[in-house]
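Asker: Please find the sequence and the predicted model below.
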There are 2 protein chains.
Amino acid sequence: MVSSAIVNTYPLSSYTFGTKEHKMEKDSSVADRLARMKVNYMREGMRTSVEGILLVQEHNHPHILLLQIGNTFCKLPGGRLKPGENEIEGLKRKLSSKLAANPPANPPNWKIGECVATWWRPNFETIMYPYCPPHIAKPKECKKLYLVHLSEREYFAVPKNLKLLAVPLFELYDNVQRYGPVISTIPQQLSRLQFNMINQ
Amino acid sequence: MVSSAIVNTYPLSSYTFGTKEHKMEKDSSVADRLARMKVNYMREGMRTSVEGILLVQEHNHPHILLLQIGNTFCKLPGGRLKPGENEIEGLKRKLSSKLAANPPANPPNWKIGECVATWWRPNFETIMYPYCPPHIAKPKECKKLYLVHLSEREYFAVPKNLKLLAVPLFELYDNVQRYGPVISTIPQQLSRLQFNMINQ
């Protein structure tokens, strides 16, 4: 795990992007998703999910890599941990499943940095909070966002049904309508870091 | 400087609060404030200000100490650094000026923690961003928020014209109308930390 207040950020153009087979969503609706969450909770207890913040730069401004599903919904690469799985190892597994060539010829050497945010889901509902609300003894999910330090060059294979977008911080900021409460406050969570913009 | 992902948080009732003489605002209006900022910028260049996030707990939920001016406006304790002043030393000076007995009999031993957010003011206007916007070569202000680790017991002397409030994270969250963009996203910025709630 890498922990530093200085983050090297390379140009988007130094990365290569290909495609791989479809990676379908497990649920076809929000209701299905919450129902599956409930079933899993009964079996395994609180769900822990991990997501990665992958940074690149364009015009010396930081951009975040987001996976777009359909025309509107964006998410960070990541997903649910297996019961008992280590957070860092689980995030690496999820990043490879979403973004590495398959079978992995040259899998990226994922360097996971520090946790930048934690979100809690008190009930089997869509709403989450950046703290465990008072009087909630048994939250249903804990989601952690980690910084991922990319190397200077990397090959990403993106599932054919998804688009990988590099979205600037100024587009995310104060844009809860488009990106939701978790992704739209990433600029504030990263603001304490110093970005070392590297141009080749 | 103390840097840790675990933050000890003591009950509000373990602190003692008194009063001291008025501490008047330097400006009587936002326009005056921006005009003074402009004059200072011409003389000294970019303004750097530092503010402290002082945490206490009630009912095992973190609360932040805010200074209330009049009936509505809230701010974090802190202020502008002198030209060339060290950030940590400057924040200690500002915290004492706002919250320590005067003359300081037993000044709190301020333990400044890590920077949790940085905000930039691109122009002589009220709006700030959690990044320096592209194409802004000469920002007018950089404001840094630091965590302040309070000891188990402390005496605070609050200027008579201000009120010191302990505001829970759940009250700040998603409440930009009441607290503004900087203070209302403190819950997200602290979400990566683990609070060790200490009850006596």
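Answerer: Yes, it's here. Numbering: from 1, shown residues only, chains lettered A, B, ... in the order given.
Asker: which bits of chain A sit near chain B?
Answerer: A:5, A:59-62, A:114-119, A:129-131, A:133-134, A:168-170, A:173-174, A:181, A:185, A:187-192 (Cβ under 8 Å from any Cβ of the partner chain). For every residue, glycine as well, the C-beta is placed using N, CA and C.
Asker: 6 Å instead?
Answerer: A:59, A:61, A:115-118, A:130-131, A:134, A:169, A:185, A:187-189, A:191-192 (Cβ under 6 Å from any Cβ of the partner chain).
Asker: how far away is residue A:50 from residue A:88?
Answerer: Separation of residue A:50 from residue A:88 (Cβ to Cβ, to the nearest Å): 8 Å.
Asker: Buried among the residues of chain A next to chain B? Need that as a selection in PyMOL.
Answerer: Typed into PyMOL, the line below selects the buried ones among these, using 16 or more other Cβ atoms under 10 Å in any protein chain shown:
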select buried, chain A and resi 61+115+116+117+118+130+131+169+185+187+188+189+191+192
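Asker: Report the two of the residues of chain A next to chain B separated the most.
Answerer: By the measure Cβ to Cβ, A:59 and A:134 form the most distant pair in the residues of chain A next to chain B, at 43.6 Å.
Asker: Just the C-alpha atoms of stretch A:91-107, please, in PDB.
Answerer: Taking Å, rounded to 0.1, in the frame of the first residue of the first chain, the C-alpha atoms of stretch A:91-107 are listed here in PDB:
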ATOM      1  CA  LEU A  91      -9.700  -4.300  -5.000                       C
ATOM      2  CA  LYS A  92      -6.900  -5.600  -7.200                       C
ATOM      3  CA  ARG A  93      -9.100  -8.600  -8.200                       C
ATOM      4  CA  LYS A  94     -12.000  -6.300  -9.100                       C
ATOM      5  CA  LEU A  95      -9.800  -3.900 -11.000                       C
ATOM      6  CA  SER A  96      -8.400  -6.700 -13.100                       C
ATOM      7  CA  SER A  97     -11.900  -8.100 -13.700                       C
ATOM      8  CA  LYS A  98     -13.100  -4.700 -14.900                       C
ATOM      9  CA  LEU A  99     -10.000  -3.300 -16.700                       C
ATOM     10  CA  ALA A 100      -7.300  -6.000 -17.400                       C
ATOM     11  CA  ALA A 101      -6.900  -8.100 -20.500                       C
ATOM     12  CA  ASN A 102      -8.600 -11.500 -20.200                       C
ATOM     13  CA  PRO A 103      -6.800 -13.900 -19.800                       C
ATOM     14  CA  PRO A 104      -4.300 -11.400 -18.300                       C
ATOM     15  CA  ALA A 105      -1.300 -11.400 -20.500                       C
ATOM     16  CA  ASN A 106       0.400  -8.400 -18.800                       C
ATOM     17  CA  PRO A 107      -1.900  -7.600 -15.900                       C
END
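Asker: Which residues outside it are in contact with it?
Answerer: Residues outside stretch A:91-107 that contact it (Cβ atoms under 6 Å, 6 or more residues apart in numbering or on different chains): A:20, A:50, A:52, A:77-79, A:108, A:110, A:112, A:146, A:156-157.
Asker: re earlier: more neighbours: which of residue A:50 and residue A:88?
Answerer: Per other Cβ atoms under 10 Å in any protein chain shown, whichever of residue A:50 and residue A:88 has more neighbours is residue A:50, with 28 against 15.
Asker: and the residue nearest to residue A:27 when sequence neighbours are not counted, helix, strand or coil?
Answerer: Distance criterion Cβ to Cβ, 6 or more residues apart in numbering or on different chains; nearest residue to residue A:27, sequence neighbours excluded, is residue A:33 at 3.9 Å. Put simply, residue A:33 is helix when judged by DSSP: H, G, I helix; E, B strand; the rest coil.
Asker: Can you give me the pLDDT of residue A:33?
Answerer: With respect to pLDDT, residue A:33 scores 93.
Asker: where's it relative to chain B, distance?
Answerer: Going from residue A:33 to chain B by Cβ to the nearest Cβ, to the nearest Å gives 23 Å.
Asker: Just confirm that residue contacts residue A:25, I think it does.
Answerer: No: between residue A:33 and residue A:25 there is no contact under Cβ atoms under 6 Å: 8.5 Å.
Asker: picking that back up, inside helices: which ones of the residues of chain A next to chain B?
Answerer: Within the residues of chain A next to chain B, residues falling in helices by DSSP state H are A:169, A:187-189.
Asker: Chain neighbours aside, what residue packs nearest to residue A:170?
Answerer: Per Cβ to Cβ, 6+ apart, closest to residue A:170 is residue B:133, 6.1 Å.
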